[in-house]
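Trainee: 3D, please:
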Amino acid sequence: MVRFDLSDRYRGEIDEWVRFAFEKKVKRFELDLSSYNVSCYQASCYPLTLQALPLPSSISLTSLILKCVDINEELLENIISNSPFLECLSLGDSSSLVHLRVAGPALCLKYVEIIFCFSLESLELHAPNLLSLKYSGAKINISFVNIPNLVEISLGGEDLPYFARKLCGLSTHFSKLQMLELDVLQLEVIETKMERLKYPIFSQLKQLKLHVDTNSTASLLFFSRLIKACPSLYRLALELKLASVNPSYRRKMVKARSRHYSLKVVEVTGFVGQTVDTEFCIYLIRSAIMLEKIIIKPCFLDARGSAYENDHVEVEKAGRERAEQLRSKYCLGDKLVIL
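Mentor: This is a model prediction of the structure:
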């Protein structure tokens, strides 16, 4: 892999590299033209065209990764249909895709990732061997035609409430789903849009990963109905980013009444001991009858890696103290691991 900081004036050279790679029948092709500190969607992207990429009748690709590369659906669908061995497709920050169809009964495609392609309006998936789908971006219409082997889904961005409302009608497509990952950027907005949603039963789901951005006045018990809809859930991981911490804020904690008989491992990253995270941990401790391990990582994730990280040492300390209180109050002993 070779990395250069290239601008648009190097388009001719990039075209030659692309042609050379395909002429040599490469199996893994990755073209990443993202900038170090500028969003690709706001910057100019390299346009991959048929002139730059004259396609052979059969392509040897097993993996195609394009970041900050503009490619239209006609060319992309041509590549997919002429790549009988393609297993991985990853697209990021392409502004030319509008209606994408990933279809074919003979497709070997197993992994599809589409991130921040904000012009995309619809996605059709007809891929019988597809195992994993990751989508984050604007609201789009996702059509599932034939995905009987899908075991992993990762969703984030504006599409989350829209997709969740369609879950009941799509539940037959997810009979083998084992891992669900949700990236929730604004919990309050998502909660309002999904308040009365009735979740289907995800009978095979073993892992649930939640990445949540919210504030210290929110409640994570919003996710309790989703957890209840996963009777085989074994592991739950929460990554919590609080916009701010208010040590003086307190509210009465809600006691969610439910029981879960399969959940054995819980991991909470970003615990600071506020009502929002303490309430959720207590709910999990009480409801998970077979709980074997709860791992708590006290830290203020919103400041992690920033110039303000050292300003939140006391916040992390308070989180550790609060976690220790959970150990003694609920007799957790070695079940609780504080990192």
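
Trainee: ends of stretch 81-94, how far apart?
Mentor: Start to finish, the residues bounding stretch 81-94 are 20 Å apart (CA to CA, to the nearest Å).

Trainee: tell me the buried residues in that stretch?
Mentor: Neighbour-count burial for stretch 81-94 flags 81, 83, 86-94 (criterion: 16 or more other CB atoms under 10 Å). Quick note: C-beta positions are derived from backbone N, CA and C, even for glycine.

Trainee: what does stretch 137-150 give?
Mentor: 137, 140, 142, 144, 146-147, 150.

Trainee: among the buried residues of stretch 81-94, which two are most distant?
Mentor: 81 and 93 (23.7 Å; CB to CB).

Trainee: what's around the nearest residue to residue 62 once chain neighbours are set aside, how many residues?
Mentor: Distance criterion CB to CB, 6 or more residues apart in numbering; nearest residue to residue 62, sequence neighbours excluded, is residue 27 at 4.7 Å. Other residues lying near residue 27 total 12 when counted by other CB atoms under 10 Å.

Trainee: does residue 27 touch residue 61 like I think?
Mentor: Yes - applying CB atoms under 8 Å as the test, residue 27 and residue 61 come out as touching, 6.3 Å apart.

Trainee: just to confirm, which helix or strand has the residue nearest to residue 73 when sequence neighbours are not counted in it?
Mentor: Sequence neighbours aside, residue 100 is the residue nearest to residue 73 in space, at 5.0 Å (criterion: CB to CB, 6+ apart). Residue 100 is part of strand 99-103 when elements are defined by DSSP states H and E.

Trainee: okay, that strand in PDB with CA atoms only?
Mentor: C-alpha atoms of strand 99-103 as PDB (Å, rounded to 0.1, in the frame of the first residue of the first chain):
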ATOM      1  CA  HIS A  99     -29.900   4.800  -6.700                       C
ATOM      2  CA  LEU A 100     -27.600   1.800  -6.000                       C
ATOM      3  CA  ARG A 101     -28.600  -1.800  -6.900                       C
ATOM      4  CA  VAL A 102     -26.400  -4.600  -5.500                       C
ATOM      5  CA  ALA A 103     -28.100  -7.600  -7.100                       C
END
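
Trainee: pull out the buried positions in that strand.
Mentor: Buried, per 16+ other CB under 10 Å, within strand 99-103: 100-103.

Trainee: so can I have JSON lines of those showing distance to residue 276 and pLDDT?
Mentor: Shown next, in JSON lines, are the buried residues of strand 99-103 (distance: CB to CB, whole Å; pLDDT from 0 to 100):
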{"residue": "100", "distance to residue 276": "38", "pLDDT": "93"}
{"residue": "101", "distance to residue 276": "42", "pLDDT": "92"}
{"residue": "102", "distance to residue 276": "39", "pLDDT": "92"}
{"residue": "103", "distance to residue 276": "43", "pLDDT": "87"}
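
Trainee: closest to residue 114 among the residues you listed?
Mentor: Distances from residue 114 to the buried residues of strand 99-103, taken by CB to CB, are shortest for residue 100, at 7.8 Å.

Trainee: ok, residue 177 touching residue 149?
Mentor: No - taking contacts as CB under 8 Å, residue 177 lies outside contact range of residue 149: 10.2 Å.

Trainee: number of residues surrounding residue 283?
Mentor: 23.

Trainee: ditto for residue 208
Mentor: Counted with other CB under 10 Å, residue 208 comes out at 21.

Trainee: pretty sure it sits against residue 232.
Mentor: No - using CB under 8 Å, residue 208 makes no contact with residue 232, being 10.7 Å away.

Trainee: need the residues touching each of those two.
Mentor: Common neighbours of residue 208 and residue 232, using CB atoms under 8 Å, 6 or more residues apart in numbering, do not exist here.

Trainee: so residue 74 belongs to a helix, correct?
Mentor: Yes - the assignment for residue 74 is a helix, going by DSSP: H, G, I helix; E, B strand; the rest coil.

Trainee: distance of it from residue 81?
Mentor: Using CB to CB, to the nearest Å, we find residue 74 at a distance of 11 Å from residue 81.

Trainee: please apply the same query to residue 289.
Mentor: For residue 289 relative to residue 81 (CB to CB), the value is 50 Å.

Trainee: any weak-confidence spans in the stretch 151-300 of the chain?
Mentor: Residues of the stretch 151-300 of the chain that meet the criterion pLDDT under 70 lie in 159, 161-162, 164-171, 189, 192-196, 246-253, 256.

Trainee: residues in contact with the residue nearest to residue 62?
Mentor: Taking CB under 8 Å, 6+ apart as the test, what residue 27 contacts is 60-63, 85.

Trainee: mind redoing it with 10 Å?
Mentor: 59-63, 85-87 (CB atoms under 10 Å, 6 or more residues apart in numbering).
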